[in-house]
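Engineer: I would like the atomic coordinates for the input below:
(4 chains)
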Protein chains: 2
Amino acid sequence: MSPMAEPSTRAEIVAAADDLFYRQGYAHTSFADIASVVEISRGNFYHHFKSKDEILDAVIAARIAETERMLARWEHAAKGSADCIRSFIRLLVANRGDIKRFGCPVGTLSAELAKLDHPAQPGANQLFILLRTWLAKHFAQLGRKPDADALALHLLARSQGVASLANAFHDEAFIRREVRLMEEWLDREIS
Amino acid sequence: MSPMAEPSTRAEIVAAADDLFYRQGYAHTSFADIASVVEISRGNFYHHFKSKDEILDAVIAARIAETERMLARWEHAAKGSADCIRSFIRLLVANRGDIKRFGCPVGTLSAELAKLDHPAQPGANQLFILLRTWLAKHFAQLGRKPDADALALHLLARSQGVASLANAFHDEAFIRREVRLMEEWLDREIS
DNA sequence: GTCTATACTGAGATAGAC
DNA sequence: GTCTATCTCAGTATAGAC
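Structural biologist: Numbers count the residues shown, from 1 in each chain, chains lettered A, B, ... in the order given. Here you go, the predicted structure:
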C-alpha cells in the first residue's frame, strides 16, 4: 500500500475500465484495451486482479461509492427534499453529452449483464437500488410516504427511458424537453 | 426458393437468430448457438449467410416487417386512434414475461449496437422510427398535430424506461402500475 | 518483496477451403 | 457437410526491475 501520493496502478486500472465499460460495454472491452490506456503490460495486471470479473466488481464498487458521494453532495447543497429530487432529474441535462453518445451508465450496464446472465448482476442493480431508496426517502419526506417507492420507481423509469431514446436518436433537445416535463410532474405531485 | 410449403432453412436461421439475439444479445450469440438450434451444419449455414453481420441485417428486416404487420393489425382492430395508442401501451403488459426477463427487444438491441458502434445501428433504430411515426400519426389524428412527434417520443421513452426497470428488478407488478399511469396520461392528453 | 514485463497455453470464435 | 486456418481473448508461468 503506497500512502496515496499518486493514484495507484490499481486505481488507474479501475478508472480506465470504468470508462471503457461505459463507452464500449463490458464484454466488448478486452484486457488489452484497458492495458493500453493505463500503459502497462497486459500480463501485469493479473498482479492486481485475478480475473476480468474481479475488475468488474471493483468498477461497480467504485461507481457505488461515487454515487453515494454524489447523493450526499446533493443533500448538502439542497434546501429540501424537493431540491434533492430536482438534482436527480437535472443529472440528465448535466450529463447530456455522454448520455447522447453512450446512454445511462447504470442502465446500460444493468441491461448488458442481464443479457450475459452475469453473476455481477446484483451488484449492478445495487446502483439502481441506491437511487431508488434515496428518491423514495425524499418523496416520503415530502408527505408521500404511502407511495414513495412507487414515485421513486416512476421517476427512475422516466429518466431511463429518456436516456435510452436520447442515445438511439442522438437528441439532446429531447432530453431538455423531457426534463422540463419531469420537473412539472414533480411540482404537481408534491404541491 | 421453395414455394413456402415448409419454412425455408433461411427463414429458420433468421427466426432462431432473432430469438437468441433477443435473449442473449448479439455479440454473445455465436454461429454455433444458432446452428445448434436450427440443426444444420456450419457449412450449410455459410451457404445462406456470408457473415454474422448479414444475419443481423436479416433479423432486423424481419423485425421491421413483423412490427409493420402488428401496427396494421392494431389499426384494423381499433375503433380509432386512441385505441391504437392504447394497443401500443398494452404491449408492455402482453409481453410482460419476456420483458421482465430480457427487456425490450427494440431497446436492448439498439443499446447494444450503440456500444459496439456497429454499422447496423441505423437499421435497428428504424424500429424506433417506425413506432415513433406511427404513434405521431395517431396523436395528430387526435388533434395534437403541433406536438404529435413530441408526444410519441414521450410515450416511447416511458415504455422504454418501464421495460428497463422491469428487467432490472424482475418486477411485473411495476409494469402493470406504469401501464395504468400511461393510460391515464393518454386520457388526459387527448380529452 | 512489491511491482512489472515477456512468453506461452487453451478455449472459442469467424471465416473459408475442399 | 467435414475439416482446417487463423484470430482474439482470458488466464498462467516465470523471470526481471526497483
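Engineer: residues near the residue in chain A that DNA strand C sits nearest to, how many?
Structural biologist: DNA strand C sits closest to residue A:43 of chain A, with a gap of 2.0 Å, by CB to the nearest atom of the strand. In short, each C-beta sits where N, CA and C put it, glycine included. Residue A:43 has 9 neighbours, counted by other CB atoms under 10 Å in any protein chain shown.
Engineer: cool, residue A:184 as well?
Structural biologist: 10.
Engineer: pLDDT at it, what is it?
Structural biologist: Reading off the confidence values, residue A:184 has pLDDT 98.
Engineer: which residues touch it?
Structural biologist: Counting by CB atoms under 8 Å, 6 or more residues apart in numbering or on different chains, residue A:184 touches no other residue.
Engineer: please state the backbone phi and psi of residue A:79?
Structural biologist: When read as degrees, to the nearest 10, the backbone of residue A:79 gives phi -80, psi -30.
Engineer: tell me how many other residues crowd it.
Structural biologist: Residue A:79 - counted by other CB under 10 Å - has 7 other residues nearby.
Engineer: can you check residue A:51 too?
Structural biologist: The tally of other residues near residue A:51 (other CB under 10 Å) stands at 9.
Engineer: again, but for residue A:103
Structural biologist: Residues near residue A:103, counting by other CB under 10 Å: 26.
Engineer: about what we covered before: next one: the residue of chain A closest to DNA strand C from chain B, what distance?
Structural biologist: Between residue A:43 and chain B the computed distance is 25 Å (CB to the nearest CB, to the nearest Å).
Engineer: nearest residue to the middle of chain A?
Structural biologist: residue A:106 (3.9 Å; CA atoms, centre = their mean).
Engineer: my read: it touches residue A:129, true?
Structural biologist: No. Taking contacts as CB atoms under 8 Å, residue A:106 lies outside contact range of residue A:129: 10.5 Å.
Engineer: for the longest helix belonging to chain A, packing partners?
Structural biologist: Ranked by residue count and defined by DSSP state H, the top helix of chain A is helix A:52-77. On a contact count with 3 or more CB pairs under 8 Å, 6 or more residues apart in numbering or on different chains; DSSP states H and E, helix A:52-77 meets helix A:9-24, helix A:81-94, helix A:105-116, helix A:121-141.
Engineer: which neighbouring elements make contact with the second one?
Structural biologist: Here helix A:81-94 is seen to pack against helix A:52-77, helix A:121-141, helix A:148-169, helix A:172-190 when contacts are counted using 3+ CB pairs under 8 Å, 6+ apart.
Engineer: looking at the helices and strands packed on helix A:52-77, which is closest to DNA strand D?
Structural biologist: Counting by CB to the nearest atom of the strand, DNA strand D lies closest to helix A:9-24 out of these; the figure is 10.2 Å.
Engineer: between the helix or strand just after the closest one and helix A:52-77, how many degrees?
Structural biologist: Moving toward the C-terminus from helix A:9-24, the next helix or strand (DSSP states H and E) is helix A:31-38. Calculated by axes from the mean of the first three to the mean of the last three CA atoms, to 10 degrees, helix A:31-38 forms an angle of 50 degrees with helix A:52-77.
Engineer: the least confident helix or strand in chain A by mean pLDDT and chain B in contact?
Structural biologist: When the helices and strands of chain A are compared on mean pLDDT, DSSP states H and E, helix A:31-38 comes out lowest with a mean of 92. No. Shown here: helix A:31-38 not in contact with chain B (CB under 8 Å from any CB of the partner chain), separated by at least 13.0 Å.
Engineer: for that helix, buried residues please.
Structural biologist: By neighbour count with 16 or more other CB atoms under 10 Å in any protein chain shown, helix A:31-38 contains the buried residues A:31, A:33, A:34, A:35, A:38.
Engineer: what does chain A put close to DNA strand C?
Structural biologist: Proximity of chain A to DNA strand C, by CB under 7 Å from any atom of the strand, involves residues A:1, A:2, A:9, A:40, A:41, A:42, A:43, A:44, A:46, A:47, A:48.
Engineer: at 10 Å instead, please
Structural biologist: Listed as neighbours of DNA strand C in chain A under the rule CB under 10 Å from any atom of the strand: A:1-2, A:8-10, A:12-13, A:31, A:35, A:38-48.
Engineer: up against DNA strand D, what does chain A have?
Structural biologist: Residues of chain A lying near DNA strand D (CB under 10 Å from any atom of the strand): A:26-35, A:41-47, A:49-56.
Engineer: now do the contacts for residue A:28.
Structural biologist: B:27, B:115, B:116.
Engineer: how many neighbouring residues does the first one have?
Structural biologist: Residue crowding around residue B:27 was assessed by other CB under 10 Å; the count is 19.
Engineer: on the pLDDT front, check it for me.
Structural biologist: If you check residue B:27, the pLDDT there is 95.
Engineer: equivalent analysis for the last one, please.
Structural biologist: According to the prediction, residue B:116 has pLDDT 95.
Engineer: please apply the same query to residue A:43.
Structural biologist: Model confidence at residue A:43, expressed as pLDDT, equals 83.
Engineer: tell me the spacing between it and residue A:35.
Structural biologist: Distance, residue A:43 to residue A:35, using CB to CB, to the nearest Å: 9 Å.
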